[in-house]
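Colleague: below are the sequence and a predicted model for it; my questions follow.
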Amino acid sequence: MGTSVAATPSRGLPRNVWAVTLTSLFTDLANEMMIQLIPLYLTGVLGAQPSIVGLIEGIAETTASILKVFAGWLSDRLGQRKWLTVLGYTLSTVSRPFLYFASSWAAVLAVRFSDRVGKGIRTAPRDALVADATPEDQRGRAFGFNRAGDRLGGFLGLGLAAAIVLLVQPGHAELMRRTFQTAVLAGILPGVLAVLTLVLGATDVPIARVRERPTLSLKGFDRRFKVFLAIVVLFTLGNSADAFIVLRARERGLSVLGIMGMAMTYYLVSSLSSGRAGVLSDRVGRRRLIVGGWLIYAAIYLGYAVAGAAWQVWALYGLYGLYYGMTEGTARALVADVVSQPEKRGTAYGIFNAAIGLAALPASVIAGILWSGLLGWSGFGPAAPFYFGAAMALLASVLMVTWLPRAKGLVAAA
């Protein structure tokens with residue numbers, strides 16, 4: 001009986017995991033439609049320069065990264081996760097429809113900023129809500145199932161966005177304003193369903209009060225958490241924005257709809273693999289899954305470096321979804337393994353998510369320098385960021401095996 005439960009990612013999971021997963025699915029369905037179309041709307045309809053697109057996304061994502069630390073700490077301080085999570089999802093749901101009226105890049109920035117503030121508020125309390133409600137031997141399964149739902153929402157959102165483009169503007173190569181506005185309207189219902197699902201389905205797990213108040217620092221955390229955090233940051237420095245993969249695909253001749261199809265393939269593979277990988281991490285240990293995923297990532301990035309055709313980039317992006325499925329939920333489960341005190345988990349998840357988000361900024365700057373050959377070395381070019389990413393993934397894999405002290409959940413039980 002135990003085997004059959006473990007073999008099914010969704011079976012027997014706590015109510016909170018289901019509520020958070022459905023919320024993530026509905027939110028990503030609403031969000032991915034607009035995320036994919038916003039750059040085209042800014043440049044094609046509003047006439048903004050590509051640098052403005054980068055400015056908007058940079059401000060939005062940096063804001064979210066910083067807020068994750070404070071929101072996680074606050075959830076520890078209050079001893080409650082649910083209503084901070086609800087607040088974050090509600091802010092994003094209320095903000096996104098205002099894109100319908102956006103007629104300047106400044107208006108788009110205001111909406112994206114509000115949306116990412118919501119993401120910054122909800123992320124750490126949400127992860128802690130899942131960890132608090134899940135037995136230790138099911139954490140991998142719980143976080144894997146959550147990530148699978150999130151990716152499935154992205155897949156459905158991209159599919160709906162592609163359908164809207166084909167139905168509203170058949171025969172038009174460039175995005176039209178009414179097409180974008182239709183996508184914004186289509187995203188309202190799943191956004192509302194996301195908030196309602198969380199409000200009605202999730203409950204806070206009581207957290208024991210402690211004399212020492214939680215602090216916004218790494219002081220008092222297990223050394224294993226600090227080492228893991230350092231290794232993840234190192235890996236992330238080689239994990240540049242996926243925009244560079246899109247640029248590689250365009251360079252190799254893939255069309256706009258082809259790029260959307262490529263992204264759908266990624267979301268589908270990551271959704272299908274996340275749940276099973278979570279189950280596997282409970283059996284064989286988190287470290288093996290993460291190292292295996294990073295090695296696959298290194299091989300994929302080497303493939304991007306040498307890819308000579310658009311279909312090769314598409315196929316590699318599908319495999320990229322396997323890397324995500326193996327590592328994303330597993331890493332979140334590992335944080336709960338090495339931060340055993342529930343009263344510190346919100347802060348831990350805040351620091352973890354913020355570190356990744358902030359490290360992604362220099363990662364993309366480095367990739368841009370390597371791609372453009374700004375340092376003057378003839379070996380730099382479109383392949384260089386991918387060689388660099390592969391090297392960083394290999395280095396992080398070695399450090400995971402040699403540096404990270406053993407902990408329950410990191411390796412398979414004897």
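Modeller: Here it is on my side, so go on. Residues are numbered from 1 along each chain as shown.

Colleague: can you give me phi and psi for L13?
Modeller: Note on L13: backbone dihedrals following degrees, to the nearest 10 are phi -80, psi 150.

Colleague: dump the residue contacts of it.
Modeller: When the contact criterion is CB atoms under 8 Å, 6 or more residues apart in numbering, the partners of L13 are 134, 138, 141-142, 145. The C-beta positions use only the backbone N, C-alpha and C, and glycine is treated the same way.

Colleague: can you list these in CSV and add secondary structure?
Modeller: Output for the contacts of L13, formatted as CSV (DSSP: H, G, I helix; E, B strand; the rest coil):
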residue, secondary structure
T134, coil
Q138, helix
R141, helix
A142, helix
F145, helix
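
Colleague: which of those residues has the most neighbours?
Modeller: When neighbours are counted by other CB atoms under 10 Å, R141 leads the contacts of L13 with 32 neighbours.

Colleague: so L67 touches V117, yeah?
Modeller: Yes: between L67 and V117 there is a contact under CB atoms under 8 Å: 6.3 Å.

Colleague: tell me which of these two has more neighbours.
Modeller: When L67 and V117 are compared on other CB under 10 Å, the one with more neighbours turns out to be L67, at 24 against 19.

Colleague: which pLDDT value goes with that one?
Modeller: According to the model's per-residue confidence, L67 sits at a pLDDT of 90.

Colleague: quick check: of the contacts of L13, which lies closest to F225?
Modeller: Proximity of those to F225, judged by CB to CB, is greatest for T134, which lies at 18.1 Å.

Colleague: quick one: contacts for the closest one?
Modeller: Taking CB under 8 Å, 6+ apart, we find T134 in contact with 13-14, 16-17, 142, 336.

Colleague: so for stretch 118-130, what gets flagged as buried?
Modeller: By neighbour count with 16 or more other CB atoms under 10 Å, stretch 118-130 contains the buried residues 118-130.

Colleague: take these and lay them out in CSV including pLDDT, secondary structure and distance to A107.
Modeller: Shown next, in CSV, are those (pLDDT from 0 to 100; DSSP: H, G, I helix; E, B strand; the rest coil; distance: CB to CB, whole Å):
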residue, pLDDT, secondary structure, distance to A107
G118, 95, helix, 17
K119, 93, helix, 19
G120, 93, helix, 20
I121, 95, helix, 22
R122, 95, helix, 23
T123, 93, helix, 25
A124, 93, helix, 29
P125, 94, helix, 29
R126, 95, helix, 28
D127, 94, helix, 31
A128, 92, helix, 34
L129, 93, helix, 33
V130, 94, helix, 35
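
Colleague: looking at those, which is nearest G191?
Modeller: Nearest to G191 among the buried residues of stretch 118-130 is G118, at 10.4 Å by CB to CB.

Colleague: between the contacts of L13, which is closest to G191?
Modeller: Comparing the contacts of L13 against G191 with CB to CB places F145 closest, at 21.6 Å.

Colleague: you'd agree the closest one is up against A19?
Modeller: No: using CB under 8 Å, F145 is not in contact with A19, being 11.9 Å away.

Colleague: where do the helices sit along the stretch 151-300 of the chain?
Modeller: Listed from the start of the chain, the stretch 151-300 of the chain has helices (DSSP state H, counting those that start in this stretch) covering 177-186, 188-201, 223-236, 243-251, 256-284, 286-306.

Colleague: now do the buried residues in the fifth one.
Modeller: Translated: helix 256-284. Under the neighbour-count rule (16+ other CB under 10 Å), helix 256-284 has 256, 258-282 buried.

Colleague: and what of the third one?
Modeller: Buried residues in helix 223-236, counting neighbours by 16+ other CB under 10 Å, are found at 224-225, 227-229, 231-233, 235-236.

Colleague: for those, give me CSV that also has pLDDT and distance to G350.
Modeller: Output for the buried residues of helix 223-236, formatted as CSV (pLDDT from 0 to 100; distance: CB to CB, whole Å):
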residue, pLDDT, distance to G350
R224, 89, 18
F225, 90, 12
V227, 91, 18
F228, 93, 15
L229, 93, 12
I231, 95, 18
V232, 94, 14
V233, 93, 15
F235, 94, 19
T236, 91, 16
